[in-house]
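>>> my questions are about this predicted structure, shown below with the sequence.
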Amino acid sequence: MSGKKNDDIEQLNSFLRGEISAVETYNQALEKVDNATAKKVLHDNLNSHASRVQTLRTEITRLGGSPADDSGAWGTFAKAVEGGAKIFGQSAAVSALEEGEEHGLKDYQGDLDELSVGLRSMVSEKLLGEQRKTRAAIDRLENIMD
């Protein structure tokens, strides 16, 4: 396997760990939120992140790599943030999700140029576009919850 292909797989696995962490965090948040509108937004965002997990796993496998099975360090961070949010209530949980969405957006934008050209297009069109949508949805949700 070429070095660039290995680099691509490593970068996609980094994105994958972030998406797995997002799925874990949204599942935790859904347990704590009672507002029906908020639950709908959280479910929609959860489904978007779960779809990205599948897309990334498929792409990594197509490239001959082994997809990450867990969220790694991101999951530990997400659990710590979300655990604190559980103690402080629903608005803190939404703030934690907002922080995670912003981090995900910066991750995709900052590392996009690290990928080979073909993958850059896929990540930009499919994953980054969805990340922008889930980030915007959390912004709207934060305004609803205030």
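Noted; the coordinates are in hand.
>>> center of the protein - which residue?
In the chain, the C-alpha nearest the mean C-alpha coordinate belongs to Glu19, at 3.4 Å (C-alpha atoms, centre = their mean).
>>> tell me the secondary structure at the closest residue to Val23 other than its chain neighbours.
Sequence neighbours aside, His49 is the residue nearest to Val23 in space, at 5.0 Å (criterion: C-beta to C-beta, 6 or more residues apart in numbering). Heads up, the C-betas are built off the backbone N, CA and C, glycines and all. Under DSSP: H, G, I helix; E, B strand; the rest coil, the three-state class of His49 is helix.
>>> isn't His49 right up against Glu19?
Yes: assessed by C-beta atoms under 8 Å, His49 is found in contact with Glu19 at 5.3 Å.
>>> what about Asn27, which helix or strand?
In the assignment (DSSP states H and E), Asn27 maps to helix 3-32.
>>> contacting residues for Ala68?
Going by C-beta atoms under 8 Å, 6 or more residues apart in numbering, Ala68 touches 13, 16-17, 20.
>>> now pLDDT and distance to Arg57 too, for the residues you listed, in CSV please.
Putting these into CSV (pLDDT from 0 to 100; distance: C-beta to C-beta, whole Å) gives the following:
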residue, pLDDT, distance to Arg57
Asn13, 96, 10
Leu16, 96, 7
Arg17, 94, 11
Ile20, 94, 10
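>>> nearest to Asp107, of the residues you listed?
Arg17 (10.0 Å; C-beta to C-beta).
>>> and the closest one, how many residues sit next to it?
Per other C-beta atoms under 10 Å, the neighbour tally for Arg17 reads 22.
>>> how near is it to Glu31?
Look at Arg17 and Glu31: by C-beta to C-beta, to the nearest Å, they are 22 Å apart.
>>> now Leu127
For Leu127, the distance to Glu31 equals 26 Å [C-beta to C-beta].
>>> more neighbours, the two?
Remark: of Leu127 and Glu31, Leu127 carries more neighbours, 22 against 9, as counted by other C-beta under 10 Å.
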